[in-house]
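>>> Let me see the structure of the following:
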Amino acid sequence: MTDKLTLDFCKIHIYDHYMIVTVNTGETISLEHNKTLTNIADTYFDNRPFVYITHRINSYAVDPGVYKETSKISNLVGFSVVSKNYLAKSTAQIEKLFLDKPFEIFDSLKEAIDWAKSLTNS
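As a prediction, this is how the structure comes out:
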């Protein structure tokens, strides 16, 4: 399965066991945005294990409270950040402290997808 969604704050590519989200420049991901993303995950993954991959090609912020809520998604088995930008990677290292799920940082989408497949055994 592969679907593409365009929301007012991001673009999402949905695959069988992972989703790749590219947030628009200048956004601040709030709890309200997180609810939208959680609803999409519920719709597409329906209690199947999945990995959330954020492709950080744009600069944006995340409300740290989002990670507490994200940690509650029972079928979320991993979260990854893909970026070659030093600042984005440094920020991700801090964000990692707020998420109670496996969290990795990668330079390429291929690495993140391979990791997602290993977590979901697909």
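>>> For this structure, give me the ranges with low pLDDT.
Residue ranges of the chain with pLDDT under 70: 1, 122.
>>> Show the residue spans covered by the helices in it.
Under the criterion DSSP state H, the chain contains helices at 31-45, 65-70, 86-95, 109-120.
>>> which stretch among those comes nearest His17?
Among the helices of the chain, the nearest to His17 by CB to CB is helix 109-120 (3.9 Å). Where you see a C-beta, it was placed from the backbone N, CA and C, and this is true even at glycine.
>>> Now tell me what touches that closest one from outside.
With contact meaning CB atoms under 8 Å, 6 or more residues apart in numbering, helix 109-120 is reached by 17-18, 20, 49-51, 53, 55, 77-78, 80, 82, 102, 104, 106.
>>> mind listing which of those are in strands?
18, 20, 50-51, 53, 55, 77-78, 80, 82, 104, 106 (DSSP state E).
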